[in-house]
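Novice: Okay, structure incoming, though there's no sequence with it:
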């Protein structure tokens, strides 16, 4: 059974005319599920143009030993999401244990519009690092949005395992970002 190790709602940011170029984003998650494989749920649901992720890598760390795997979509390492598309990556055979560190690294080389974003507000058991700039072309980005991280491209990380029971939380920053 596929279980969400991390997930968050994406919002429509298309009115801000945001884009990224030569940008790397790394999301580190404290995984809470043991399993034998990983998949990512990619999202360009609000996009009016395609979104190309030059590369996506997943890293796990268990007892100090790191493993890195390259995510693919339909067998391709260059992830291309069509406008309106939300789709799962190909399954990656990657053993995971509850409590492991799970990192997802996304890279954009050429300039890409970013219409689907999630604001990264509270670290909890996750951490977001970005290298590069997300720019606004259409309108000035509100000051409050400049002070938070923005996650693009993915909105869910799933682990193939049997022991998890799903619990959904709805609310504000207290319940988001995998803090629980």
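Specialist: Good, I have the coordinates. Since the model is a prediction, treat every value here as computed from it, not as a measurement.
Novice: what's the following helix or strand after the one helix or strand in the chain whose mean pLDDT sits lowest?
Specialist: Between all helices and strands in the chain, the lowest mean by mean pLDDT, DSSP states H and E belongs to helix 143-146, at a mean of 62. The element immediately downstream of helix 143-146 (helix or strand, assigned by DSSP states H and E) is strand 149-152.
Novice: how far away is the nearest residue to residue 33 once chain neighbours are set aside from residue 90?
Specialist: Sequence neighbours aside, residue 159 is the residue nearest to residue 33 in space, at 4.4 Å (criterion: Cβ to Cβ, 6 or more residues apart in numbering). C-betas here are computed from N, CA, C, even on glycine. Going from residue 159 to residue 90 by Cβ to Cβ, to the nearest Å gives 15 Å.
Novice: more neighbours, the two?
Specialist: Taking neighbours as other Cβ atoms under 10 Å, residue 159 and residue 90 compare with residue 159 leading, 27 against 13.
Novice: that's a helix at the more buried one, yeah?
Specialist: No - under DSSP: H, G, I helix; E, B strand; the rest coil, residue 159 falls outside any helix and is assigned strand.
Novice: Contact partners for it?
Specialist: For residue 159, the contacting residues are 2-3, 5, 31, 33-35, 37-38, 96, by Cβ atoms under 8 Å, 6 or more residues apart in numbering.
Novice: Next: residue 162.
Specialist: By Cβ under 8 Å, 6+ apart, the neighbours of residue 162 are residue 1.
Novice: What strand or helix carries it?
Specialist: Here residue 162 is assigned to no helix or strand, by DSSP H and E.
Novice: Now do the residue nearest to the spatial centre of the chain against residue 162, distance only.
Specialist: The centroid of the chain falls nearest to residue 154 when counting by Cα atoms, centre = their mean (3.4 Å). Per Cβ to Cβ, residue 154 is found 24 Å from residue 162.
Novice: With residue 85 instead?
Specialist: To residue 162, residue 85 is 30 Å away according to Cβ to Cβ.
Novice: May I ask which of the contacts of residue 159 has the most neighbours?
Specialist: Ranked by the number of neighbours (other Cβ under 10 Å), the contacts of residue 159 place residue 38 first, at 26 neighbours.
Novice: Now tell me what touches the helix or strand containing it from outside.
Specialist: Here residue 38, judged by DSSP H and E, is contained in strand 35-43. With contacts defined as Cβ under 8 Å, 6+ apart, strand 35-43 is touched by 2-3, 5, 7, 10, 53, 56, 58, 60, 69, 71, 73, 79, 81, 85-96, 102, 104, 116, 153-161.
Novice: can you check stretch 79-97 too?
Specialist: For stretch 79-97, contacts defined as Cβ under 8 Å, 6+ apart pick out 5, 31, 33-45, 47-53, 56, 58, 60, 62, 67, 69, 71-75, 102, 153, 155, 158-161.
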